[in-house]
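Q: Predicted model and sequence below, questions to follow.
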Amino acid sequence: MRQTTYDTDTDLKDRAILVSLVTPDIKRSSGDPEQSLQELVSLAETAGVEVLTFVTQNKEKVDTKWFIGKGKVQELRAAADELGATTAIFDQELSGAQVRNLEEALDLKIIDRTQLILDIFSQRAKTREGIIQVELAQLSYLLPRLSGHGKNLSRLGGGIGTRGPGESKLETDRRHIRGRITDLKHTLAEVVRHRTLHRERRRKAGVQQVALVGYTNAGKSTLLRELTHADVYVENQLFATLDPTSRNWKLPSGMEVVLTDTVGFIQNLPHDLIAAFRATLEEVNEADLVLHVIDSASDMREEQIAVVDRILQELGAGGKPQLKIYNKIDLCGAGGPQSVPANGPGTLAVSAYNGDDLERLRQAVQDKLTGDTRTFALPAERGDLIALAYRTGDVLEQSVEGEAMILKVLLNKQDYEVHGRKLDAYVLHH
């Protein structure tokens, strides 16, 4: 392998040219290539990369050797020499052989979109669970590509694409890496077991769970902070939140639920990442209600909604009760709230910094979870029915009239549908 010519000073910032290939197949499978490239710029900047320029090529199909055409490779080399680039970041996933060929031809570090996202997650992971999940995703991604990443992994310079598992782990043989993956999966399984026990305890205690989901940087963490006064990291950047955060949240009736913030979704979210973070994302599957937070001010709002809906389907949470929260209406310009759908049974337009909006959100969540308030006249000797009334909601008032126990109950909609229908015969009024 020929000697690399670029500086490996660890203090130097990656200087990158972004590269996107557009083919009919890529357009069909990955959505709008222009939006994806804009997002790649944001991802690169989030990772601490200086973006110099970007190069796009339209072709009928992918070049199996170079990914882009050979002529475009030469054009890219000339641009890199002129601009002083150290890195080329591709918007699509590359094979190990393509990485090796491009590195040799360009004398640049070659990173693809998946590796860039994994690198950002590596920077963000703070908890033991998050660090395990990121390392598992990185190793799963790199294992079949080791032959193509020799140059990246041996560079002393570090930077994007080299954080996380570390040089010593990745330069060992495949058997060792497979063993490491197995160990990580076992460790993660233990973490999952503990998380499941916590969820079951909450469930047995009758505590309902609400999950915040949405495209990255839609404002989920800001909503969590403003609604629960949680001390969480909030920043206007992609993937500011990686580790899930759960906080108790009191609704207008006084009922408490658990509100959980989850990792943001993104177009073409790497499959290795979804697999590694499935334990974290199980919070969504276990939720009684999903709050889909949407960046109202984004130019790509509808496309981002579609991406989140698609990933929820992949996770098996597509059929969950959902409330769409159109956030950041204060950033919508002259149109203001009129530029987003009107408030309705399934939608709410809010600003996370507006107290009245947050109160409306609290009420809307309560309505979704509890349903009606009903008054039941139950025979005093039917202790089983009285206990059932207490199990299917919050008893707001109780009194005795003759042989009947009168209970006014704020219903838990889900519990009432499953267990409480035998109380219907005793309803006095709503």
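A: Perfect, thanks for sending it. Numbers count the residues shown, from 1 in each chain.

Q: where exactly do the helices run in the stretch 51-200 of the chain?
A: With helices called from DSSP state H, counting those that start in this stretch, the stretch 51-200 of the chain shows them at 70-83, 96-106, 113-124, 128-142, 150-154, 167-170, 174-204.

Q: pLDDT weak spots in this structure?
A: For the chain, applying pLDDT under 70 flags the ranges 1-12, 147-173, 232-243, 276, 279-280, 333-338, 342, 371, 414, 429-430.

Q: So for this protein, which residue is the most central one in space?
A: Central residue of the chain (Cα atoms, centre = their mean): Gly264, 2.6 Å from the mean position.

Q: Please report phi then psi for it.
A: Note on Gly264: backbone dihedrals following degrees, to the nearest 10 are phi -70, psi 150.

Q: that older thread, go through the helices of the stretch 51-200 of the chain and pick out the most buried.
A: Of all these, helix 113-124 carries the top mean neighbour count, a mean of 23, counting by mean count of other Cβ atoms under 10 Å. Placement of C-beta: from N, CA and C, glycine included.

Q: Now do that one: which elements does it pack against?
A: helix 33-46, strand 87-90, helix 128-142, helix 271-276 (3 or more Cβ pairs under 8 Å, 6 or more residues apart in numbering; DSSP states H and E).

Q: please redo it, this time with the cut-off set to 7 Å
A: Counting by 3 or more Cβ pairs under 7 Å, 6 or more residues apart in numbering; DSSP states H and E, the packing neighbours recorded for helix 113-124 are helix 33-46, helix 128-142, helix 271-276.

Q: For the last one, name the packing helices and strands.
A: Put plainly, it is helix 271-276. Looks like helix 271-276 contacts helix 113-124, helix 128-142 (3+ Cβ pairs under 7 Å, 6+ apart).

Q: and after that helix, which helix or strand comes next?
A: Sequence order places helix 278-286 as the next helix or strand after helix 271-276, per DSSP states H and E.

Q: hang on, the earlier thing: nearest to Asn248, of the helices of the stretch 51-200 of the chain?
A: Ranking the helices of the stretch 51-200 of the chain by proximity to Asn248 (Cβ to Cβ) places helix 174-204 first, at 10.2 Å.

Q: residues contacting the residue lying closest to Asp32 once chain neighbours are set aside?
A: Nearest residue to Asp32 in three dimensions, chain neighbours excluded: Glu303, at 6.5 Å (Cβ to Cβ, 6 or more residues apart in numbering). Counting by Cβ atoms under 7 Å, 6 or more residues apart in numbering, Glu303 makes contact with Gly31, Asp32, Gln35.

Q: Buried subset of the residues you listed, written for ChimeraX?
A: Selection of the buried residues among the contacts of Glu303 in ChimeraX, burial being defined by 16 or more other Cβ atoms under 10 Å:
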select :31
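
Q: Closest to Pro345 out of the contacts of Glu303?
A: The shortest approach to Pro345 among the contacts of Glu303 belongs to Gly31, at 29.2 Å (Cβ to Cβ).

Q: what comes up buried for stretch 85-97?
A: Buried residues in stretch 85-97 (16+ other Cβ under 10 Å): Ala85, Thr86, Thr87, Ala88, Ile89, Phe90, Asp91, Gln92, Glu93, Leu94, Ser95, Gly96.

Q: follow-up on the earlier one: for Asp288, find the nearest of the helices of the stretch 51-200 of the chain.
A: Using Cβ to Cβ as the criterion, the shortest distance between Asp288 and those is 9.5 Å, found for helix 174-204.

Q: The helix or strand just after that closest one pairs with which strands, parallel or anti?
A: Downstream of helix 174-204, the next assigned helix or strand under DSSP H and E is strand 208-214. Partner strands and pairing direction for strand 208-214 (DSSP bridges) are strand 256-261 (parallel), strand 289-295 (parallel).

Q: For Ala16, find the nearest of these.
A: strand 289-295 (25.5 Å).

Q: what's the angle from the closest one to helix 278-286?
A: 110 degrees (axes from the mean of the first three to the mean of the last three Cα atoms, to 10 degrees).

Q: contact partners of strand 289-295?
A: By Cβ under 7 Å, 6+ apart, strand 289-295 touches 210-215, 217-220, 223, 284, 301, 304-305, 308, 317, 320-328, 365, 368-369.

Q: what do you get if the cut-off is 6 Å, keeping everything else the same?
A: 210-214, 218-220, 305, 320-328, 368-369 (Cβ atoms under 6 Å, 6 or more residues apart in numbering).

Q: Write down the beta-bridge partners of His292, one by one.
A: Val213, Lys324.

Q: coming back round to it: including distance to Ala380, could the helices and strands packed on helix 271-276 go into a markdown table?
A: Formatted as a markdown table, the helices and strands packed on helix 271-276 follow (distance: least, Cβ to Cβ, whole Å):
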| stretch | distance to Ala380 |
| --- | --- |
| helix 113-124 | 58 |
| helix 128-142 | 50 |
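
Q: Looking at the ones you listed, which is nearest to Leu388?
A: Per Cβ to Cβ, nearest to Leu388 of these: helix 128-142, 38.1 Å.

Q: got the contact list for Glu256?
A: Asn248, Lys250.

Q: Which strand residues bridge it?
A: The partner residues for Glu256, given DSSP bridges, come to Lys250.

Q: from here on, count from 53
A: With 53 as the first residue, the last one maps to Glu308.

Q: roughly how far apart are it and Thr280?
A: 10 Å (Cβ to Cβ, to the nearest Å).
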